[in-house]
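Could you look at this predicted model? Sequence included:
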Amino acid sequence: MADCFEWLRERRPHSIHAVCTDPPYGLIEAIPSGRTPDREEAISDHPCLKPQHFMRIIVRSLLPLGKGVILDPFMDRASTIAAAEAVGYESIGVEMDDAYFRQAEQTVPRLTRLYPNFVGDKPHAAWRFQPAGAR
């Protein structure tokens, strides 16, 4: 695992990879995901809401060493900001539309509270949040 983080320190500006902290350890190239669960869609009426388990893995992949700030320049309903908050990362969201910003203020805390034991550090376990055929 130490070699994995050393590789990330060297390549950090040039690539995005998800890091597994559970067996199988290391970097993964594909992140399992599925449709956004109904309980998440009930929180936000965005037509293209990304699943929180997927967004948490993406956020951790952007800052695998846990240093830095996540910037979402087109925040909309703020699923990226919610994922960053759930993972424990600092984040900044920018949204020009006042209605979207007000909705994001309501959406972020609710999305953040979902799946309190999943912070995106076990990408291969993400399927547990979306069983086959379930929504």
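Here it is on my side, so go on.

Going by C-alpha atoms from here, please, whenever you check contacts or count neighbours.
Will do.

Please give the element, helix or strand, for the nearest residue to residue 109 once chain neighbours are set aside.
With sequence-adjacent residues excluded and distances taken as C-alpha to C-alpha, 6 or more residues apart in numbering, residue 109 is closest to residue 82, at 6.9 Å. Counting by DSSP states H and E, the secondary-structure element that holds residue 82 is helix 79-87.

Extract the CA atoms of that helix and return them as PDB.
This file holds the C-alpha atoms of helix 79-87, laid out as PDB (Å, rounded to 0.1, in the frame of the first residue of the first chain):
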ATOM      1  CA  SER A  79     -24.100  16.400  -5.100                       C
ATOM      2  CA  THR A  80     -20.300  16.900  -5.400                       C
ATOM      3  CA  ILE A  81     -20.300  19.200  -2.400                       C
ATOM      4  CA  ALA A  82     -22.400  16.700  -0.400                       C
ATOM      5  CA  ALA A  83     -19.900  13.900  -1.300                       C
ATOM      6  CA  ALA A  84     -16.900  16.100  -0.200                       C
ATOM      7  CA  GLU A  85     -18.600  16.900   3.100                       C
ATOM      8  CA  ALA A  86     -19.400  13.200   3.700                       C
ATOM      9  CA  VAL A  87     -15.800  12.200   3.000                       C
END
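
Just give me the neighbour total for the residue lying closest to residue 35 once chain neighbours are set aside.
Counting by C-alpha to C-alpha, 6+ apart, residue 35 lies nearest to residue 51, which is 7.0 Å off, once chain neighbours are set aside. Residues within reach of residue 51, counting by other C-alpha atoms under 10 Å, total 22.
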